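Participant: sequence and computational prediction follow.
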Amino acid sequence: MNKRIFQMINTQAFPTPFCPGCGHGILMGAVLRAIAELEYDMKQMLFVSGIGCAAWIPSPHFKADTLHTLHGRAIAYATGAKLFNPRLKVMVISGDGDLTSIGGNHLIHAARRNMDMTVICANNAIYGMTGGQVASTTPLGSVTTTTPHGNEEPPFDLCKLVEAAGATYVARQPVATPLPLTRILKKAIVHQGFSFVEVLSPCPTHFGRRNAFRTAYEMIKALRDGCIPVEKAKGLDPAELQGKVLVGELVGAGKKGGRT
Amino acid sequence: MERPWKKIKSALPPGWYFMQGDEACAEGAIAAGCRFYAGYPITPASEVMIRMVQRLAEVGGVFIQMEDEIGSISSVIGASWAGAKAMTATSGPGISLMTEGIGYAVITETPCLIVDVQRAGPSTGQATRPAQGDMMQVKWGSHGDNEIVAFAPWSVQEMYDLTIKAFNFAERFRVPAFILADEAVGHLRETLVVKEEVEIFDRFKVPHLPPFDTDDPSGVPPMPAFGEGANLLVTGSTHDPWGFRKTADSAVQARLTERLVRKVQDFKSEIIETESHLLEGAEIGVVAYGFTARAALQAVKSLRQENIRAGLLRLVSIWPFAAEAISALGQRCQAIFVPEMNRGQIASELKKYTTTPVISLPKTNGEVFEPAEIVQGIRRNLG
């Protein structure tokens, strides 16, 4: 355990608002450990978030500059701050609905510009804070409060989306494996240019209980078993990869220097 | 607490210039210390952006063309918290998209300047034609109560001067400030006189004081920037003096919303600006603003020649509203006429502050007023 992370937290904000079994606490810890292990100074960091459960990971928990913005707009706010003060190390932490649905335009344009920032998308495949509505990331067939008979719309592949838009570092990792997640986050943070990490995080309250997961543990386990590292997937035939989610570094050979 | 006013040399060499209104606005912004511009192309405001591209490069500022107007206002707010005097310029459709961000700037007390070069609406309307249809939109567009500062320039000179003034008020009160221009004044070309010096207000900073509340009579707390070690917690949710969210505390909500309004309202006498033309002994009052006031001035001069005792009260500032000046005008006049390039937005506002008959002279055909139309409008109503 890296003791430094206790100095990086506004302890008066605890307990966190996250539901029991939510993956966002694991992600919060992984982000703090990554920064602590890199020995980055929190005073040089700016954490920007939008609206939703994941947006509360940095704000108000992180003892650093935090900017808790409007729904969908975190990346655009971060763009202005980073451009005016390039010395700031900017990290956006928000949810899938926030970053990729209402804020999708800012996401693809920041990727296109190769803005020097790290965007962490906590993807729980649902709108949690507002009561479990379908998202642009909800798997086909899943039951949500707005798709009671199962989701009929295919979800985005977020990593492919930002890669196509121009992101120079793209990775995916579940919270079920926090150590690889921390390693990936460190790489994303030191990357110069636009780095994007899709972090798969379970929402037992709104997704799990409507989709036959009896416990939060079952969800975490399914998440771990459903993922396959990209290196392991190489050489496997498509039948073996059926239904598996590729995780790890998907785009890593970064172009040097983003727009600053 | 002492507030940081200072006099600095004008960014442009002093002298006479022949310039377009939109360009003069950009020059005023540079003179006021603006060093960040984010925008999205839109007629008839694009010339502000194009001038800013060039001028910001010259003074070491930052320019970005964003993906939409929502992105523009968002990055302006982000840059403002990073320490920049920041602005954007747009027209009605852009203001519509920015409105949620404007509310965010209000609750987070983020200084920024928004220039609205108004065009004929609603919706896409007539992009190249003038209007004054956004007078209420900038004040009431955002949900919840809020106070903003807005000026309506009637000349190229005022596109410059009022941009500086609006920036100063934005910084002093920590509010979004507006230039409510119109296509006619934005695209007008005439003389601009640049003085030796400009007076500007630089952001007010006191370490270790809370950034979101104050007991100071000004009601305006100091504002640190990102990267200064202040561990800023900026949020659009209701928050305590240090920025911690208080989403269910009614006392915090009441105190915050009251202060956000009072910090402007309590000092409105320093913001409100009107100009009197031929009001001595006037029995017929005309209230006008922006480009329309030029025609209105000509109209009252013509009426005076016909021995009709008309006078013009020009609104230089729009928000906060010049209630006392309207009330005083009502007491001396038998009727007040309000020509404006909308269906009577400011005329309706006048009625709150006077019992004297207020007669709206609306015009929404996408053309500016001719003085004769105002004269006829007044004559028709005088019978």
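Facilitator: On my side now, so go ahead. Numbering: from 1, shown residues only, chains lettered A, B, ... in the order given.
Participant: do stretch A:57-75 and chain B meet?
Facilitator: Yes - contact of stretch A:57-75 with chain B (C-beta under 8 Å from any C-beta of the partner chain) involves A:S59, A:P60, A:K63, A:A64, A:D65, A:T66, A:L67, A:H68, A:T69, A:L70, A:R73. Any C-beta I mention is one placed from the backbone N, CA and C, and that applies to glycine too.
Participant: what's the closest non-adjacent residue to A:R73?
Facilitator: Take A:R73 and drop its neighbours on the chain: the residue closest to it by C-beta to C-beta, 6 or more residues apart in numbering or on different chains is B:S74, 4.4 Å away.
Participant: and that neighbour, what is it in contact with?
Facilitator: Counting by C-beta atoms under 8 Å, 6 or more residues apart in numbering or on different chains, B:S74 makes contact with A:T69, A:L70, A:R73, A:A76, A:Y77, A:T79, A:G80, A:H106, B:M66, B:G101.
Participant: one more time with 7 Å, if that's ok
Facilitator: By C-beta atoms under 7 Å, 6 or more residues apart in numbering or on different chains, B:S74 lies in contact with A:T69, A:R73, A:A76, A:Y77, A:G80, B:G101.
Participant: mind checking which of the residues of stretch A:57-75 next to chain B are in strands?
Facilitator: Among the residues of stretch A:57-75 next to chain B, the members found in strands (DSSP state E) are A:D65, A:T66, A:L67, A:H68.
Participant: can you tell me the element B:D216 falls in?
Facilitator: Using DSSP states H and E, no element contains B:D216; it sits outside every helix and strand.
Participant: before we move on, what about B:G103?
Facilitator: helix B:92-108.
Participant: could you list the paired strands of the next helix or strand along the chain from that helix along with their orientation?
Facilitator: The helix or strand immediately downstream of helix B:92-108 is strand B:112-120, counting by DSSP H and E. Strand B:112-120 sits in its sheet next to strand B:86-90 (parallel), strand B:126-130 (antiparallel), strand B:176-182 (parallel), going by DSSP bridges.
Participant: you'd agree B:R259 is up against B:S218?
Facilitator: No - B:R259 is not in contact with B:S218 according to C-beta atoms under 7 Å; the separation is 10.3 Å.
Participant: tell me the pLDDT of residue 139.
Facilitator: You didn't pick a chain, so chain A it is. pLDDT, A:P139: 97.
Participant: my question was about chain B, not that one.
Facilitator: B:K139 is given a pLDDT of 96.
Participant: how about B:I73?
Facilitator: The predicted local confidence for B:I73 is 98.
Participant: now the strands for the stretch 1-150 of chain A?
Facilitator: Under the criterion DSSP state E, counting those that start in this stretch, strands of the stretch 1-150 of chain A are mapped to A:45-49, A:65-68, A:89-95, A:117-123.
Participant: which strand or helix spans the one residue in the stretch 251-383 of chain B that gets nearest to chain A?
Facilitator: Residue of the stretch 251-383 of chain B nearest chain A, by C-beta to the nearest C-beta: B:V252 (14.1 Å). Here B:V252 is covered by helix B:250-265, with elements defined by DSSP H and E.
Participant: cool, B:K301 as well?
Facilitator: Going by DSSP H and E, B:K301 is in helix B:292-305.
Participant: on that earlier part again, CA-only coordinates of the helix or strand following the helix holding B:V252 in CSV, if you can.
Facilitator: Per DSSP H and E, helix B:250-265 leads on to helix B:268-271 as the next helix or strand towards the C-terminus. Listed next in CSV are the C-alpha coordinates belonging to helix B:268-271 (Å, rounded to 0.1, in the frame of the first residue of the first chain):
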residue,chain,number,x,y,z
LYS,B,268,-25.7,48.5,-10.0
SER,B,269,-25.3,52.3,-9.7
GLU,B,270,-21.7,51.8,-10.7
ILE,B,271,-22.6,49.6,-13.7
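Participant: go through helix B:268-271 and flag the buried ones.
Facilitator: Using 16 or more other C-beta atoms under 10 Å in any protein chain shown as the test for burial, helix B:268-271 gives B:K268, B:I271.
Participant: still on that earlier bit, give me the common contacts of B:R259 and B:S218.
Facilitator: Joint contacts of B:R259 and B:S218 (C-beta under 7 Å, 6+ apart) do not exist.
Participant: need the three-state assignment for A:S195.
Facilitator: Following DSSP: H, G, I helix; E, B strand; the rest coil, the label given to A:S195 is strand.
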